[in-house]
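**Student:** would you be able to build a 3D model of this:
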Amino acid sequence: MNMIKHSRLSVLTAMKESGMVPIFNHDDAEICKSVIKACYDGGARVFEFTNRGNHLMEVFRDVQRELEQDFPELILGVGSIIDAPTAALFIQQGAEFIVSPILNPDVVKLCNRRKVAVIPGCGSLSEISSAEELGVEIVKIFPATSVGGPAFVKAVLGPMPWVSLMPTGGVSLDEANLRSWFEAGAICVGMGSNLMSVRTDGSYNYAEITQNTRKVLQWIRDFRAHK
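**Tutor:** Here you go, the predicted structure:
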């Protein structure tokens with residue numbers, strides 16, 4: 001049985017402290033490694049590899065094994081998980097947290113049994129409350145812009161101020177947009193394509209991804225310092 005390096009509590013704490021989780025996947029393991037390294041160089045320590053495509057478990061296994069040796073501080077999890085069997089397989093390959101676009105109690109229970117952090121996707125107060133009843137610490141708001149944006153986050157925290165929310169979907173590489181999520185009360189945000197700079201020829205600009213990551217993390221520190 002594979003044992004994760006970082007405890008569930010340390011994973012959740014790292015998410016809250018950094019305030020941003022980069023999200024990415026690709027069927028080329030070398031590109032994935034380079035993107036993760038670029039984000040790591042920019043200061044990110046928690047990274048979500050999304051399971052969106054065929055044969056991605058093999059890609060994740062290759063990425064996880066190499067980066068585990070080179071970047072011991074990296075916390076690598078898997079997203080877009082909608083069923084417990086898939087979650088179990090990725091945990092066996094070293095996933096240190098599981099993210100889902102939905103709230104599936106079976107996924108949450110499996111992760112709790114293995115002491116693996118799980119962040120399910122919710123779009124209503126009832127779903128958020130159900131997730132917390134299952135023991136969820138951080139709830140993903142998804143798709144964040146579609147369910148109401150920062151106003152939704154603020155509205156949720158009115159009657160439920162103890163909730164930790166991670167909006168994902170629509171968080172842009174724009175200081176004003178980013179500030180609006182944190183002013184509304186988000187504890188963390190997930191950022192995917194908006195963070196990943198692509199050149200006109202389709203290749204990834206790793207130096208710019210590093211700059212984007214560093215810039216976003218600095219903005220978040222500034223927001224929190226002046227809150």
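**Student:** and the closest residue to V99 other than its chain neighbours, what's its pLDDT?
**Tutor:** Spatial nearest neighbour of V99, chain neighbours left out: G79 (3.7 Å); criterion: Cβ to Cβ, 6 or more residues apart in numbering. The C-beta positions use only the backbone N, C-alpha and C, and glycine is treated the same way. Model confidence at G79, given as pLDDT, is 98.
**Student:** repeat that for D83.
**Tutor:** 98.
**Student:** burial check on it, number of neighbours?
**Tutor:** 13 (other Cβ atoms under 10 Å).
**Student:** that one reaches P105, doesn't it?
**Tutor:** No. The criterion here is Cβ atoms under 8 Å, and D83 misses it with P105 at 11.3 Å.
**Student:** wasn't V21 part of a strand?
**Tutor:** Yes. The assignment for V21 (DSSP: H, G, I helix; E, B strand; the rest coil) places it in a strand.
**Student:** what sits against it?
**Tutor:** By Cβ atoms under 8 Å, 6 or more residues apart in numbering, the contact list for V21 reads 15, 44, 46-48, 166, 188-191.
**Student:** so it bridges to which residues?
**Tutor:** Beta bridges link V21 to G190 when assigned by DSSP bridges.
**Student:** that one and V107: what is the separation?
**Tutor:** 18 Å (Cβ to Cβ, to the nearest Å).
**Student:** can you check V63 too?
**Tutor:** Taking Cβ to Cβ, one finds V63 at 22 Å from V107.
**Student:** what does V139 give?
**Tutor:** 13 Å.
**Student:** so where is this structure shaky, pLDDT-wise?
**Tutor:** Scanning the chain for pLDDT under 70 picks out the ranges 1-3.
**Student:** can you list contacts of the top helix by length along it?
**Tutor:** In the chain, taking DSSP state H as the definition, the longest helix is helix 206-225. Helix 206-225 has contacts (Cβ under 8 Å, 6+ apart) with 18-20, 22, 34-35, 37-39, 41-44, 173, 175, 178-179, 182-183, 191, 195-197.
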